[in-house]
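> I'll drop the sequence and a predicted model, then ask my questions.
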Amino acid sequence: MRLKLIGASLTLASSLMLSAAVAQADPVRVAFLMYGNKAEFVQLMERYAKEHPAVVSGDVILTMYDGRYDASVQNDQGQMAVNTMQDAIVINPMDYEANIDVVTMANDAGIPIVVTNARLNTTEMTSEVVSDDVQGGYLEAKAVMEKLGCKGNVVIIEGPKGGSGEIQRGEGNMKAIGECPEGQVTVLERKTANWSRAEALDLMQNWLSKHPGQINGVIGQNDEMALGAIEAIKSANLDVHDFAIAGVDGVTDALRAVKAGEMTSILQDARGQAQGSIDVALRAVKGADYQPESEIWAQYAGELSWDDGQAKRYDIPWTIVSNDNVDELLKDRK
Amino acid sequence: MTSPTLSVKRISFQKYGIIIAFLALCALVSAICQIKVMQGVWPVNVFLTVNNLMLILHQISVNGILAVGMTFVVISAGIDLSVGSVLAFSGMMAASFATRSTGVTPWSGVYFVAFPLLAALFTGALCGLVNGLIVSRFRIQPFIATLGMLLAARGLTMAVTGGNPISALSPEFRWFGTGRIFDTLPVPVVFLAIVFALAWVLLNKTVFGRYVYAVGGNEKSARTSGVNTTSVLTWTYIFAGFLSGVAGIILTAKTGSAQTSAGTSYELDAIAAVVIGGASLAGGVGRLTGTFFGALIIGVMNNGLDILGVESFYQSIIKGALIVLAVIIDSRRQA
């Protein structure tokens, strides 16, 4: 028995040494701070981060942190990343203001810090790899306006009040509506459903009750809420195809709804953000020799340039999900 | 000990008090709508339509069912903070049997419904059993025991799928959230009615119901007079967990997706319904009719404030004030 154990541990030890020898002598340690992990989009980001070629090959040791939707938890985790001497930090921040601390801590410690997905109200970070929410909000509202022919009544289901998502996507929503001839489009209602499908379902039901037969379009500031509105319309025995509905993010259910002709979704590229930010962080650690390894740079050639990894901000393009590309995107979700 | 006549009087006041409050709230919302009609803003009073009132029942179904279980627990002098998380866990278990996204459908027809339902109800009851055993056998305060379950069940929900939602549920399963009986009555409303009716019989017409009141009123004297308090408490939490499973089925079927964040803070709405309904957190006092109207009041408020276009933060303020007011009225009445 004991012999067996020793044998097993010897095999284990040698295989560990072997794998260490296969990987490069000195892997880069990257801390990836996510604000939470309870939604499909953040799950996707996590998955794509782990699929980054440098992580797969072992050149990078990635440590994921779950901020549990609490800015102060995330600040503590930033401190932990500094204390454990990570080579770089990538943060998807919970709060626009409160998480600036993480940037400050990283700068004090001389560690590159890349912000992804959400924004921070500072310019002190190494770089930002984000998607422009004003543009996302604009594209989804534009899709609704086009389907309505710039004529009719719409409702806007908003993200959590005061968050950067709600403010910027709302700005984009109004910009697209403003491009229609004046007086043609009326925003009947706008209220938050806190990114939640269940909340949006109740809210939309109440609006349908209040404005029977009058609502023509629904602008959900994310897909989940647009999907909640679709459920509300179905539960009121109305035909979803009579409505122009759009959301942002490109979650799997929204892709399925696009395929069913029920809505338009504006895909926020979780892979572009997650893998792009890792490439930018690696460039900061390894220096000018580093060439980006993720295929996203080739994918977006012409729209997004690498700029030697030195740009202050990378805008990962949005993709309008339509019947032409939905199957391709769904295939990637298995 | 209060005399029988006094307690009957108090209960009837409690019963009518909540109904009066409910009618007053409806009258208020309706009056504001009527003013808008007179001003020519709206063609009709959109609040006071059959469709809208049915909608309110539809919307309170999940909270109403959770609140029934919560009523039993509160009467037993406990509290169950875990109902929202257990709802999510049960819903996730149901969805994992009801999904078609995997492309593999090893069973069909009746099993497509039976397995998800059994999975959710079993999961809910099992979580309730754990709560009940910790409270009754280990004598841990219900607040702590169920706080533990709140965290654990949420973690388990995420562990089932590694944090991903489960969607593409079978139409057979979705009937429990979106179906209509005779093309008019939403299935969740039917479930709400069945749950309330059965629970009412259980609480008011069975020995078990009497024991729940007895344990909540004074556990020690209940035990000395021969009530198996351990078993009564355990079954009370099993019942609450089971109903969280029922609510999990309905919410998942309604939204068409089991999400890891489902039911977050639903325990607070359930407790609010029970407290507004006149139950005392000290135990021994509470009625299901009160809880029903408590849930209705919350539902009318959410619906009415949406219809009147009141900002969501005011909605929170009003709900908070209402809960505290209900408890103040209740405590003054009992004093």
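That came through fine. All figures in this text were calculated on a predicted structure; none of them were measured in a lab.
> Would you check how far apart the closest residue to A:Ile316 other than its chain neighbours and chain B are?
Distances taken as C-beta to C-beta, 6 or more residues apart in numbering or on different chains put A:Gly272 closest to A:Ile316, at 3.8 Å, once the chain neighbours are dropped. For the C-beta atoms, the positions are set from N, CA and C on the backbone; glycine is no exception. A:Gly272 sits 20 Å away from chain B, going by C-beta to the nearest C-beta, to the nearest Å.
> Secondary structure of A:Gly272: a helix, I assume?
Yes - assessed by DSSP: H, G, I helix; E, B strand; the rest coil, A:Gly272 belongs to a helix.
> give me the number of residues near it?
27 (other C-beta atoms under 10 Å in any protein chain shown).
> Over to the one 3 residues further on?
Other residues near A:Gln275 come to 29 when the count uses other C-beta under 10 Å.
> That one against A:Ala54, yeah?
No - the criterion here is C-beta atoms under 8 Å, and A:Gln275 misses it with A:Ala54 at 9.2 Å.
> returning to that earlier point: the residue nearest to A:Ile316: what's it in contact with?
A:Val129, A:Ser131, A:Ile296, A:Gln299, A:Tyr300, A:Leu304, A:Ile316, A:Pro317 (C-beta atoms under 8 Å, 6 or more residues apart in numbering or on different chains).
> do B:Phe97 as well
Here B:Phe97 is in contact with B:Phe115, B:Pro116, B:Ala119 (C-beta under 8 Å, 6+ apart).
> can you map out the helices along the chain?
Just going to use chain A. A:2-22, A:40-50, A:53-56, A:71-83, A:100-109, A:133-148, A:164-178, A:197-210, A:223-235, A:252-259, A:270-286, A:296-299, A:326-331 (DSSP state H).
> Let me rephrase: I mean chain B.
B:4-38, B:50-75, B:83-98, B:110-136, B:142-161, B:171-178, B:187-205, B:207-217, B:219-224, B:229-255, B:266-276, B:288-307, B:312-334.
> Would you mind listing what in chain A touches chain B?
A:37-40, A:43, A:46, A:161, A:189, A:191-192, A:196-198, A:201-203, A:205-207, A:209-212, A:227-228, A:231, A:234-235, A:252-253, A:256 (C-beta under 8 Å from any C-beta of the partner chain).
> Write the PyMOL selection for whichever of these are buried.
Selecting only the buried entries of the residues of chain A next to chain B in PyMOL, with 16 or more other C-beta atoms under 10 Å in any protein chain shown as the criterion:
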select buried, chain A and resi 37+38+39+40+43+46+189+191+192+196+197+198+201+202+203+205+206+207+209+210+211+212+227+228+231+234+235+252+253+256
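> pLDDT below threshold where in the chain?
With no chain named, the answer covers chain A. A:1-25, A:334 (pLDDT under 70).
> that's the other chain; I wanted chain B
B:1-15, B:101-110, B:330, B:333-335.
> which residues touch the residue in the stretch 201-334 of chain A that chain B sits nearest to?
When scored by C-beta to the nearest C-beta, the stretch 201-334 of chain A has A:Asn206 as its residue closest to chain B, at 3.7 Å. By C-beta under 8 Å, 6+ apart, the contact list for A:Asn206 reads B:Leu55, B:Asn302, B:Asn303, B:Asp306, B:Ile307.
> what about the first one, neighbour count?
By that I understand B:Leu55. 23.
> Could you do the second one as well?
Burial of B:Asn302 is recorded as 22 neighbouring residues (other C-beta under 10 Å).
> That one against B:Gln315, yeah?
Yes - B:Asn302 is within contact range of B:Gln315, at 6.9 Å (criterion: C-beta under 8 Å).
> before we move on, back to that, so can I have a markdown table of the contacts of A:Asn206 showing distance to chain A?
As requested, the contacts of A:Asn206 are exported to a markdown table (distance: C-beta to the nearest C-beta, whole Å):
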| residue | distance to chain A |
| --- | --- |
| B:Leu55 | 6 |
| B:Asn302 | 7 |
| B:Asn303 | 5 |
| B:Asp306 | 4 |
| B:Ile307 | 5 |
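> Make CSV from these and add distance to A:Val115 to it.
As requested, the contacts of A:Asn206 are arranged in CSV below (distance: C-beta to C-beta, whole Å):
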residue, distance to A:Val115
B:Leu55, 43
B:Asn302, 36
B:Asn303, 40
B:Asp306, 36
B:Ile307, 40
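> hmm, back to that, distance of the residue of the stretch 201-334 of chain A closest to chain B from A:Ala232?
Using C-beta to C-beta, to the nearest Å, one obtains 9 Å as the distance from A:Asn206 to A:Ala232.
> For the residue nearest to B:Thr49 when sequence neighbours are not counted, give me its contacts.
Leaving aside its chain neighbours, B:Thr49 sits nearest to A:Ser209 (7.3 Å; criterion: C-beta to C-beta, 6+ apart). A:Ser209 makes contact with B:Val46, B:Thr49, B:Asn51, B:Asn52, B:Leu55, B:Asn303, B:Ile307, according to C-beta under 8 Å, 6+ apart.
> Go ahead and flag the most central residue of chain B.
Centroid-nearest residue in chain B: B:Leu66, 2.1 Å away (criterion: C-alpha atoms, centre = their mean).
> Identify the residue spatially nearest to it, adjacent ones excluded.
Closest to B:Leu66 by C-beta to C-beta, 6+ apart is B:Ala270, at 4.0 Å.
> got the contact list for that neighbour?
With contact taken as C-beta under 8 Å, 6+ apart, B:Ala270 is in contact with B:Asn63, B:Leu66, B:Ala67, B:Gly69, B:Met70, B:Val83, B:Gly84.
> Same list (those) but as JSON lines, adding distance to B:Ala262.
JSON lines is the format used below for the contacts of B:Ala270 (distance: C-beta to C-beta, whole Å):
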{"residue": "B:Asn63", "distance to B:Ala262": "13"}
{"residue": "B:Leu66", "distance to B:Ala262": "12"}
{"residue": "B:Ala67", "distance to B:Ala262": "17"}
{"residue": "B:Gly69", "distance to B:Ala262": "17"}
{"residue": "B:Met70", "distance to B:Ala262": "18"}
{"residue": "B:Val83", "distance to B:Ala262": "12"}
{"residue": "B:Gly84", "distance to B:Ala262": "8"}
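> which of those tops the neighbour count?
Neighbour tally across those (other C-beta under 10 Å): the maximum, 37 neighbours, falls on B:Val83.
> My read is that that residue contacts B:Val68, right?
No - the criterion here is C-beta under 8 Å, and B:Val83 misses it with B:Val68 at 10.5 Å.
> hey, what's in contact with both of these two?
The overlap between the contact sets of B:Val83 and B:Val68 (C-beta under 8 Å, 6+ apart) consists of B:Leu243.
> check contacts around B:Asn303.
Contacts of B:Asn303 by C-beta under 8 Å, 6+ apart are A:Asn206, A:Ser209, B:Phe47, B:Asn52, B:Leu55, B:Ile56, B:Gln59.
> and residue 293, what is it in contact with?
I'll assume chain A. A:His52, A:Pro53, A:Ala54, A:Asp279, A:Leu282 are the contacts of A:Glu293 under C-beta under 8 Å, 6+ apart.
> actually it's chain B I care about, not the one you picked
Contacts of B:Phe293 by C-beta under 8 Å, 6+ apart are B:Ile18, B:Ile19, B:Ala21, B:Phe22, B:Ile276, B:Gly277.
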